[in-house]
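*Asks:* here is my input, please return the structure:
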Amino acid sequence: MIQLRPAAERGRTNWGWLDSRHTFSFGDYVDPEHMGFKSLRVINDDRVEPGAGFGTHGHRDMEILSYVLDGALAHKDSTGGGGVVRPGEIQMMRAGTGVTHSEYNDSKVEPVHFLQIWIVPDTRGLPPAYAQYAFDCETAAKRFVLLASKDGRDGSLTIRRDADLWMALLGPGERREIRLRPKSDGWIHCARGSVTANGTVLEAGDGAAVSGEDSLLFLGRKPAEVLVFDLA
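*Replies:* Alright, predicted model coming up:
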């Protein structure tokens, strides 16, 4: 079964310099029907104006991933971790026992568009950590590539949860199939473009909960960028 979460029904925060859409409850947006999906707690679709960003603030006990779609995102945290994340890269910050960080648009002229993703770890009180991973976009245009996993296989980011995060790029008419692990559920996020997933149409910003499906067959309708969370 695939249950659509339309982009237009997401929560929204607009502070002028920030325009954020919330797939799940976040901040002042509270929806008891959408508090997360299994270990996936947050998908925020953020657009930040040039030179603006999030000042230093704290987090605890969360695996936080930042995935850049357009522009460049500058990160700095209290563990000494930091860098600039661009399209084709993903960043992980393990908040663990507590970490403070800031995130800013690295450009003074171009906006940045990125996804902030929170996954609940399997253990509380972990030491904080930071990592960044550049994936192969040419490979992603041919098949799904693994961005994050518990075992860090295939060079993916290591997260402390039995969850796999995959992504693929599809052109119109192109097909991609991904098998889900036995007894796991999934979440789809169509970051841009348009696809069908097992016949269900997803447009940019749409999400979908997946249960009872052994595999997902995607068909590109418009040039698309798709994330799939395989959640045990």
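*Asks:* quick one: distance of the host helix or strand of V226 to the chain centre.
*Replies:* V226 belongs to strand 215-231 when elements are defined using DSSP states H and E. Shown here is strand 215-231, whose average C-alpha point lies 13 Å from the average C-alpha point of the whole chain (C-alpha atoms, centre = their mean, to the nearest Å).
*Asks:* now stretch 141-150
*Replies:* Taking the mean C-alpha point of stretch 141-150 and that of its whole chain, the gap between them comes to 12 Å (C-alpha atoms, centre = their mean).
*Asks:* in the protein, which residue is closest to the centre?
*Replies:* The centroid of the chain falls nearest to I117 when counting by C-alpha atoms, centre = their mean (4.4 Å).
*Asks:* can you confirm that residue is in a helix?
*Replies:* No: under the criterion used here (DSSP: H, G, I helix; E, B strand; the rest coil), I117 is strand, not part of a helix.
*Asks:* low-confidence regions, this structure specifically.
*Replies:* For the chain, no stretch is flagged by pLDDT under 70.
*Asks:* about what we covered before: packing partners for the strand holding V226?
*Replies:* The contact analysis (3 or more C-beta pairs under 8 Å, 6 or more residues apart in numbering; DSSP states H and E) places strand 215-231 against strand 163-170, strand 175-179, strand 185-197. Any C-beta I mention is one placed from the backbone N, CA and C, and that applies to glycine too.
*Asks:* returning to that earlier point: hmm, the residue nearest to the centre of the chain is touching I43, no?
*Replies:* Yes: look at I117 against I43 with C-beta atoms under 8 Å: they come within range, at 5.6 Å.
*Asks:* hang on, the earlier thing: could the helices and strands packed on strand 215-231 go into a markdown table alongside mean neighbour count and distance to G207?
*Replies:* Conversion of these to a markdown table gives the following (neighbours: other C-beta atoms under 10 Å; distance: least, C-beta to C-beta, whole Å):
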| stretch | mean neighbour count | distance to G207 |
| --- | --- | --- |
| strand 163-170 | 23 | 14 |
| strand 175-179 | 15 | 16 |
| strand 185-197 | 22 | 5 |
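*Asks:* now these in a markdown table, with distance to L146?
*Replies:* Below are the helices and strands packed on strand 215-231 laid out as a markdown table (distance: least, C-beta to C-beta, whole Å):
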| stretch | distance to L146 |
| --- | --- |
| strand 163-170 | 6 |
| strand 175-179 | 10 |
| strand 185-197 | 14 |
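*Asks:* so which of the ones you listed comes closest to N105?
*Replies:* Minimum separation from N105 across these (C-beta to C-beta) falls at strand 185-197, 18.2 Å.
*Asks:* next, the buried residues of the next helix or strand after that closest one.
*Replies:* Remark: after strand 185-197, the chain's next helix or strand is strand 200-203, criterion DSSP H and E. For strand 200-203, a neighbour-count test (16 or more other C-beta atoms under 10 Å) marks 200, 202-203 as buried.
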